[in-house]
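>>> Provided below for reference: sequence and predicted model.
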Amino acid sequence: MSHPNVAGLRRGYDAFEKADVDTVRSLLADDVVFHVGGRSTLAGDYKGHDEVFDLVVRLIDASEGTHHVVVRHVVADDHVGVVLATHEMRREDGLHRFDAVHVWDLCGGKARRVAMYAADPYALDEYLGLAAVAG
């Protein structure tokens, strides 16, 4: 029998795919922090609903409106969820896939912190465009 947070996470990814903002928002704590690893223009911490949804818009823009998340596996308990996923994005040069691990810090079924780590961060950085990084 799977933990209720597994169903909650799956519901959240399904809502994300359907652009169901109200459901996604209901699964995030008001002070949620979403961390994107790497050095791309999207890397960093996004705090609160407004910044997290701004990140989503920027990700959709960076993928020319084609961003799609394929959930491969979900495990969770009362406090932590781990999602193995593949981000798919299409551009003129074809379909790009980036495997990632999403780590969720959960409290009462809501995300307090989410961290996304790409399996190949350099490939994702290149796809999204590198930010100017000081030496």
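Nice, I can see it. Fair warning: this is a prediction, and the values are worked out from it, not measured in the lab.
>>> from here on, just use CA atoms for contacts and neighbour counts.
Will do.
>>> residues in contact with the residue sitting nearest the centre point of the chain?
Central residue of the chain (C-alpha atoms, centre = their mean): residue 116, 5.7 Å from the mean position. Counting by C-alpha atoms under 8 Å, 6 or more residues apart in numbering, residue 116 touches 34-37, 100-103.
>>> dig out what it forms beta bridges with.
Beta bridges link residue 116 to residue 36, residue 102, judged by DSSP bridges.
>>> who wins for most neighbours among the contacts of residue 116?
residue 34 (25 neighbours; other C-alpha atoms under 10 Å).
>>> wait, a helix at that residue?
No. Read with DSSP: H, G, I helix; E, B strand; the rest coil, residue 34 is strand and lies in no helix.
>>> contact partners for it?
Contacts of residue 34 by C-alpha under 8 Å, 6+ apart are 45-47, 52, 113-116.
>>> quick check: of the residues you listed, which lies closest to residue 73?
Taking C-alpha to C-alpha as the measure, residue 73 lies nearest residue 116 of the contacts of residue 34, at 14.6 Å.
>>> show the pLDDT at the closest one.
Predicted confidence (pLDDT) for residue 116: 94.
>>> the strands in this structure, which residues?
Shown for the chain, the strands assigned by DSSP state E span residues 28-36, 44-47, 68-76, 80-91, 94-107, 110-118.
>>> could you export these as CSV, including distance to residue 125?
As requested, these are arranged in CSV below (distance: least, C-alpha to C-alpha, whole Å):
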stretch, distance to residue 125
strand 28-36, 11
strand 44-47, 12
strand 68-76, 17
strand 80-91, 13
strand 94-107, 11
strand 110-118, 9
